[in-house]
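In: compute the structure for the input listed below.
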Amino acid sequence: MKKINFLSAILLCLAIATTANAQKYAGGDISLLPKYEANGAKYYTNDGQLITGGMLQYFKQQGLNAMRVRLFVDPSQASATHQGEGVCQDLAFVKDLGKQIKDAGMKFMLDFHYSDTWTDPGKHSTPASWTSSDPDVLAETLYNYTKDCLNELKAYGAEPDFVQPGNEITYGMLWPTGHCYPDGGSHSGGTFANFAKYLQAGIKAIRETCPQAKVVIQTEMSKAVNVTNFYKTLKSYTNDYDVIGISYYPYYHGLLSTMENVIKTLHNDYPDKKIEIVETGYYHKWYPDNATYPVSTFPTWPATEAGQLQFTNDLIQMLNKYDCVDGLYWWFPEANEYGLNWSTQRVTDNWYNASLFDNETGKAMSALYVLKDFLGNSSGIENVSSDSHREGTVYDIQGRKVAEDHIPATLPKGIYIQNGKKFIVK
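Out: Got it, this is the predicted structure:
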């Protein structure tokens with residue numbers, strides 16, 4: 001077998017030097033993790049070892065240092081369909097999970113949806129209990145609600161480090177009054193001015209209650225021009241936020257070149273803001289019913305474990321070119337139905353095969369183990385002795401399978417991944 005060693009000390013020192021002055025965050029939105037654990041989902045390492053001690057600790061062991069959780073006003077008011085998709089995070093739920101995150105020594109990002117159910121570019125319903133249609137009254141209600149929630153979280157030991165006053169607010173929030181276009185135009189009776197009033201009320205409550213927390217404004221990449229137009233329009237109302245948060249799903253939003261151009265533009269226009277990818281993900285297999293997806297990215301990254309790994313490596317490599325980007329969060333990494341009675345215990349009604357675990361085996365995907373590479377504070381290369389005979393499929397750094405179940409003696413020089421861990425052959 002060829003000799004297998006660490007990367008040279010020089011390369012490691014260079015990697016550390018480039019990131020020593022900047023704190024970065026890598027993790028995921030784990031808003032359904034307590035449901036999976038309570039229902040007995042079984043999680044395994046990539047090489048088939050049962051994970052014990054709780055998934056938060058395991059995520060931390062893999063180098064992740066931040067987690068995100070969504071919050072709904074009253075999820076009991078959500079439709080049965082949306083509840084079946086995972087809408088359940090009320091304040092009591094978030095307090096418990098938020099405290100677990102903080103107790104684990106991780107940073108906690110709180111995502112206010114300001115709705116009883118999902119919000120995204122296509123829907124932002126006002127909570128059922130917020131009955132007024134007067135923008136001033138709604139702004140005051142949102143302010144009081146935000147402040148009350150944050151005070152309760154602080155008292156519970158779950159003070160967030162990052163707070164999103166709204167989820168994917170490219171087209172405003174609290175529809176219909178806060179419905180608007182990213183370029184400032186009115187939409188279906190709503191106005192950008194109303195939306196800005198609501199957003200400013202949320203920011204005011206955050207600044208007063210959690211002055212150390214960073215305010216994150218989240219949009220998404222349905223059209224790159226929407227992102228740039230949104231922040232340009234917002235600047236005429238307020239510049240009081242810290243982080244530009246972006247959702248980037250390549251099967252919706254296009255290849256990395258599109259995302260990279262947006263990052264360049266935003267950094268040029270707003271050099272005082274950090275940029276974080278607060279939601280991302282990619283498939284490791286198709287849906288069980290083999291439903292087709294209208295995407296152009298699968299030829300670049302196949303919907304396989306290797307393809308998901310390649311996407312993750314490519315994304316991290318691109319993001320790490322920009323010092324302004326300091327956060328990367330995988331959406332719904334904990335999805336795992338293995339170990340549950342699927343007829344009675346499903347945590348969600350829909351399969352999500354872009355998680356970092358396989359729903360049918362409970363095994364971790366290789367991509368989980370490279371997320372920490374975004375942090376840039378280590379080489380990520382494992383020391384494997386020359387007499388190692390570990391088993392497990394071997395991939396090259398592009399995610400292509402090069403060996404089925406062991407490290408062959410004839411492996412060419414290069415960096416490889418086995419069981420989610422990197423090693424180098426010299």
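
In: need the pLDDT of residue 252.
Out: What the model reports as pLDDT for residue 252 is 87.

In: does it count as helix, strand or coil?
Out: Three-state assignment for residue 252 (DSSP: H, G, I helix; E, B strand; the rest coil): helix.

In: identify the residues contacting residue 37.
Out: Listed by C-beta atoms under 8 Å, 6 or more residues apart in numbering, the contact partners of residue 37 are 54-55. Every residue, glycine included, has its C-beta placed from N, CA and C.

In: that one: which element?
Out: helix 33-38 (DSSP states H and E).

In: cool, and residue 136?
Out: According to DSSP H and E, residue 136 maps onto helix 135-155.

In: against which helices or strands is whatever helix or strand comes next after that helix packed?
Out: Next helix or strand after helix 135-155 toward the C-terminus (DSSP H and E): strand 162-165. Contacts defined by 3 or more C-beta pairs under 8 Å, 6 or more residues apart in numbering; DSSP states H and E place strand 162-165 against strand 107-112, helix 192-209, strand 214-220.

In: hey, which of those is tucked in deepest?
Out: Among these, strand 107-112 has the highest mean neighbour count (mean count of other C-beta atoms under 10 Å), at a mean of 26.

In: compute the inter-axis angle for that strand and strand 214-220.
Out: In terms of direction (axes from the mean of the first three to the mean of the last three C-alpha atoms, to 10 degrees), strand 107-112 departs from strand 214-220 by 60 degrees.

In: can you give me the offset of strand 107-112 from its chain's centre?
Out: When distances are taken as C-alpha atoms, centre = their mean, to the nearest Å, strand 107-112 is centred 11 Å away from the chain's centroid.

In: could you do stretch 188-207 as well?
Out: Its chain's C-alpha centre and that of stretch 188-207 lie 24 Å apart, by C-alpha atoms, centre = their mean.

In: just the CA trace of it, in CSV.
Out: Only the C-alpha atoms of stretch 188-207 are listed here, as CSV (Å, rounded to 0.1, in the frame of the first residue of the first chain):
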residue,chain,number,x,y,z
SER,A,188,-51.9,42.6,-4.3
GLY,A,189,-52.7,45.6,-2.1
GLY,A,190,-49.6,45.4,0.0
THR,A,191,-46.7,47.9,-0.1
PHE,A,192,-42.9,47.8,0.6
ALA,A,193,-43.5,50.7,3.0
ASN,A,194,-45.8,48.4,5.1
PHE,A,195,-43.3,45.6,4.9
ALA,A,196,-40.4,47.8,6.0
LYS,A,197,-42.5,49.0,8.9
TYR,A,198,-42.9,45.4,10.1
LEU,A,199,-39.3,44.5,9.5
GLN,A,200,-38.1,47.6,11.4
ALA,A,201,-40.4,46.7,14.3
GLY,A,202,-38.8,43.3,14.5
ILE,A,203,-35.3,44.7,14.4
LYS,A,204,-36.1,47.2,17.1
ALA,A,205,-37.3,44.5,19.4
ILE,A,206,-34.2,42.4,18.7
ARG,A,207,-31.8,45.3,19.3
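
In: skip ahead from the helix holding residue 37 and say which helix or strand is next.
Out: helix 55-61.

In: would you mind writing the CA trace of the next helix or strand after that following helix as PDB?
Out: As assigned by DSSP H and E, the chain's next helix or strand after helix 55-61 is strand 66-71. The C-alpha trace of strand 66-71 is given here as PDB (Å, rounded to 0.1, in the frame of the first residue of the first chain):
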ATOM      1  CA  ALA A  66     -24.100  26.600  14.900                       C
ATOM      2  CA  MET A  67     -27.700  25.500  14.500                       C
ATOM      3  CA  ARG A  68     -30.800  27.200  13.300                       C
ATOM      4  CA  VAL A  69     -34.500  26.700  14.500                       C
ATOM      5  CA  ARG A  70     -37.700  28.100  13.000                       C
ATOM      6  CA  LEU A  71     -40.500  29.600  15.200                       C
END
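
In: ok, strand 66-71: who's next to it in the sheet?
Out: strand 25-29 (parallel), strand 107-112 (parallel) (DSSP bridges).

In: quick one: that strand to helix 135-155, angle?
Out: Going by the same axes, to 10 degrees, strand 66-71 makes 130 degrees with helix 135-155.

In: by mean pLDDT, which helix or strand of this protein comes out lowest?
Out: Taking mean pLDDT, DSSP states H and E as the measure, the chain has helix 9-19 as its least confident helix or strand, at a mean of 39.

In: buried residues, stretch 141-152. List them.
Out: For stretch 141-152, the neighbour count (16 or more other C-beta atoms under 10 Å) marks 141-143, 145-147, 149-150 as buried.

In: surely residue 228 is in a helix?
Out: Yes. Per three-state DSSP, residue 228 lies within a helix segment.

In: and the pLDDT at it?
Out: 95.

In: angle of the helix or strand hosting residue 306 against strand 25-29?
Out: Secondary structure assigned from DSSP H and E places residue 306 in helix 305-319. Here helix 305-319 runs at an angle of 140 degrees relative to strand 25-29 (the same axes, to 10 degrees).

In: could you point out which element follows helix 305-319?
Out: From helix 305-319, the next helix or strand downstream (DSSP H and E) is strand 325-331.

In: quick check: neighbours of the helix or strand following that next one in the sheet, parallel or antiparallel?
Out: With elements assigned by DSSP H and E, the helix or strand that comes after strand 325-331 is strand 394-396. Under the criterion DSSP bridges, strand 394-396 sits next to strand 401-403 (antiparallel), strand 414-418 (antiparallel) in its sheet.

In: same question for the last one, mean pLDDT?
Out: The average pLDDT for strand 414-418 rounds to 76.

In: can I get the CA coordinates of it in PDB?
Out: Extracted C-alpha coordinates of strand 414-418, given in PDB (Å, rounded to 0.1, in the frame of the first residue of the first chain):
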ATOM      1  CA  GLY A 414      -4.300  12.600  -4.300                       C
ATOM      2  CA  ILE A 415      -6.900  13.400  -1.700                       C
ATOM      3  CA  TYR A 416      -9.700  10.900  -1.100                       C
ATOM      4  CA  ILE A 417     -12.700  10.300   1.200                       C
ATOM      5  CA  GLN A 418     -13.700   7.200   2.900                       C
END
